[in-house]
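Asker: 3D model of this:
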Amino acid sequence: ITMGGRKRKIEPILSLDEDFEKSDVKEGEMDKIIEEMSNLTFAEVVSPSNFMFYSILGPRDIKKRIFKVALIDPDYCDMRMLTPKNEKQCYFRPENETLGVLRIDDLLKVGFTEKQIDEIEEIGFFLQYRHSKGTLTMIPSKALMSTLCRRLGIGTITEGRNPLRDIYLASIMRDAEDFTLVYRKSPQGGHAKAFACFSTKYQHTPQKIVFDFMRLLSNMKTLEGGHLSVRQYRINHFITSIDFSLNELSDTIGNMKITPGVRMVLSDVGDASFTLQSILIVNGGTVLLDDAIVRRHNVVLSAEEMVADYETKAYPKLIQIMETLRNLESIRVKEKGKAVKELLAKIKFRAAFGNTYAAKYRELYISVIKNEPTSGIDVVLEILKIPGNIQSKFCTSTEEKVALAVGQVLMMDIERILLKW
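Answerer: Numbers count the residues shown, from 1 in each chain. From the prediction side, this is the model:
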């Protein structure tokens with residue numbers, strides 16, 4: 001970008017650190033992150049024998065700032081390389097030593113971060129892929145090993161420093177068939193992170209397809225365009241999750257603002273499916289409805305076809321749920337506290353949240369609810385408020401299990417159930 005006659009360098013957002021994650025409750029930098037990820041992610045058919053293993057032989061020498069490493073070539077790997085007694089037992093020529101040292105400062109100079117160096121030490125090796133244009137150094141993600149073993153047709157092998165494991169893997173890769181490797185390059189260049197191995201039929205879809213989904217969802221007939229906004233997003237190396245608000249359908253029901261929406265989940269480095277799932281935004285939290293439209297990576301993804309499927313199958317149910325919630329205002333329930341507890345049992349809240357957390361939640365929020373006459377919507381809102389009440393207090397997987405359990409209250413015939421009470 002040129003400003004005042006000078007070029008201003010745009011600093012990259014993306015890092016190859018394993019724990020990289022960006023999230024926000026508004027659109028913010030989402031577009032930039034997705035663009036950057038898409039531009040730096042590749043799915044390439046590779047020849048396994050072209051990989052070189054740099055096997056870490058032990059913990060780093062803190063004083064000398066070095067690792068001792070073994071260089072393992074699939075074409076020449078041999079168990080004797082770890083304890084050579086003479087030149088003939090080295091599988092490399094004398095001028096190209098099998099065993100050596102790797103300077104940490106040299107890794108830092110070419111763009112590795114301290115965290116990435118820690119990752120290499122923990123997982124026990126890194127890779128170098130040789131191709132016609134040169135070589136590319138790759139840090140293995142923690143997710144790589146299981147998919148690599150699957151492609152090689154062997155049982156899953158644990159991570160950690162283990163040169164015998166690396167020799168074994170290299171020997172298997174010597175004769176293995178080509179596969180698709182999904183990797184992401186560093187914005188600074190020089191190295192990459194390897195995430196997963198798939199068959200050569202794997203269909204890679206860049207994350208920029210998110211923008212197509214946004215346009216198509218905005219143009220659904222009921223919305224008439226222009227009423228879709230990003231409510232929140234969470235992006236890491238493995239999963240991109242975006243909640244879109246369908247603001248045109250927002251309504252205040254039972255003194256609570258309820259906004260329908262759609263959650264989109266995708267991954268371009270794993271075998272997680274593309275998903276469109278209806279949501280309700282209540283009390284600052286997200287309720288998940290069990291009506292997901294799913295596409296796997298073994299087919300060419302069509303955003304148009306997937307949104308059309310969502311619009312005809314899941315979206316009408318979302319509209320109906322909003323109407324049902326309005327109808328609950330006219331239903332009378334005799335004992336609110338008892339009704340709330342029975343609904344919690346029906347949605348299997350304890351199983352979703354865990355016994356300890358469920359008990360604490362009942363003590364804090366449910367035990368204080370009086371057994372008094374109220375409306376049906378007042379009862380249901382006590383359930384729908386749960387994701388908002390626990391938001392950001394637990395790990396993501398726990399919160400999502402609870403959000404999906406809470407959503408079950410809207411997937412049952414709630415009007416008939418409440419009329420009985």
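
Asker: tell me which element Met264 falls in.
Answerer: strand 256-266 (DSSP states H and E).

Asker: Next, the buried residues of that strand.
Answerer: 256, 258-266 (16 or more other CB atoms under 10 Å). Placement of C-beta: from N, CA and C, glycine included.

Asker: Following element in sequence after it, please.
Answerer: Next element after strand 256-266 (DSSP H and E): strand 274-282.

Asker: Off-centre distance for that next one?
Answerer: 16 Å (CA atoms, centre = their mean, to the nearest Å).

Asker: one step back: counting by contacts, list what the strand holding Met264 packs against.
Answerer: helix 209-218, strand 240-246, strand 251-253, strand 274-282, strand 285-288, helix 315-327, helix 376-384 (3 or more CB pairs under 8 Å, 6 or more residues apart in numbering; DSSP states H and E).

Asker: okay, these in a markdown table with distance to Pro163, mean pLDDT and mean neighbour count next?
Answerer: Formatted as a markdown table, the helices and strands packed on strand 256-266 follow (distance: least, CB to CB, whole Å; pLDDT from 0 to 100; neighbours: other CB atoms under 10 Å):
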| stretch | distance to Pro163 | mean pLDDT | mean neighbour count |
| --- | --- | --- | --- |
| helix 209-218 | 41 | 93 | 18 |
| strand 240-246 | 36 | 95 | 22 |
| strand 251-253 | 63 | 96 | 13 |
| strand 274-282 | 39 | 96 | 23 |
| strand 285-288 | 45 | 97 | 24 |
| helix 315-327 | 55 | 95 | 16 |
| helix 376-384 | 55 | 97 | 24 |
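
Asker: Compare the ones you listed and give me the one nearest Asp413.
Answerer: helix 315-327 (9.3 Å; CB to CB).

Asker: on that earlier part again, take the helices and strands packed on strand 256-266 and write them to CSV, including distance to Ile157.
Answerer: Below are the helices and strands packed on strand 256-266 laid out as CSV (distance: least, CB to CB, whole Å):
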stretch, distance to Ile157
helix 209-218, 34
strand 240-246, 29
strand 251-253, 54
strand 274-282, 30
strand 285-288, 35
helix 315-327, 44
helix 376-384, 45
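
Asker: Out of those, which gets nearest to Leu410?
Answerer: The nearest among these, by CB to CB, is helix 315-327 at 5.1 Å.

Asker: Given the helix or strand following that closest one, what are its sheet partners and their directions?
Answerer: Following helix 315-327 in sequence order, the next helix or strand is strand 332-333 (DSSP H and E). Next to strand 332-333 in the sheet, as set by DSSP bridges, lie strand 374-375 (antiparallel).

Asker: next one: the partner strand to chain centre, how far?
Answerer: For strand 374-375, the distance to the chain centre is 40 Å (CA atoms, centre = their mean).

Asker: now what about that strand, what contacts it?
Answerer: For strand 374-375, contacts defined as CB atoms under 8 Å, 6 or more residues apart in numbering pick out 254, 328-333, 336.

Asker: number of nearby residues for His204?
Answerer: Neighbourhood size, His204 [other CB atoms under 10 Å]: 15.

Asker: For it, which three-state class applies?
Answerer: Applying DSSP: H, G, I helix; E, B strand; the rest coil to His204 yields a three-state assignment of coil.

Asker: Which residues are in contact with it?
Answerer: Per CB under 8 Å, 6+ apart, neighbours of His204: 41-43, 180, 182, 268, 297.

Asker: Now do the one helix or strand Asp31 maps to, average pLDDT.
Answerer: Per DSSP H and E, Asp31 falls inside helix 30-40. Regarding helix 30-40, the rounded mean pLDDT is 94.

Asker: which parts of that helix are buried?
Answerer: 30, 33-38, 40.

Asker: Go through the residues you listed and name the one nearest Tyr129.
Answerer: Leu40 (16.0 Å).

Asker: Leu148 - that's part of a helix, no?
Answerer: Yes. Assigned with three-state DSSP, Leu148 falls within a helix.

Asker: quick one on the thing from earlier: how far does the strand holding Met264 sit from the chain's center?
Answerer: Using CA atoms, centre = their mean, the offset of strand 256-266 from its chain centre is 18 Å.

Asker: for the record, mean pLDDT for it?
Answerer: 96.

Asker: if we can go back for a sec, output the contacts of His204 in CSV; the columns should cover secondary structure, neighbour count and distance to Lys22.
Answerer: Below are those laid out as CSV (DSSP: H, G, I helix; E, B strand; the rest coil; neighbours: other CB atoms under 10 Å; distance: CB to CB, whole Å):
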residue, secondary structure, neighbour count, distance to Lys22
Thr41, strand, 21, 15
Phe42, strand, 16, 21
Ala43, strand, 19, 22
Thr180, strand, 19, 26
Val182, strand, 26, 20
Asp268, coil, 27, 15
His297, coil, 22, 23
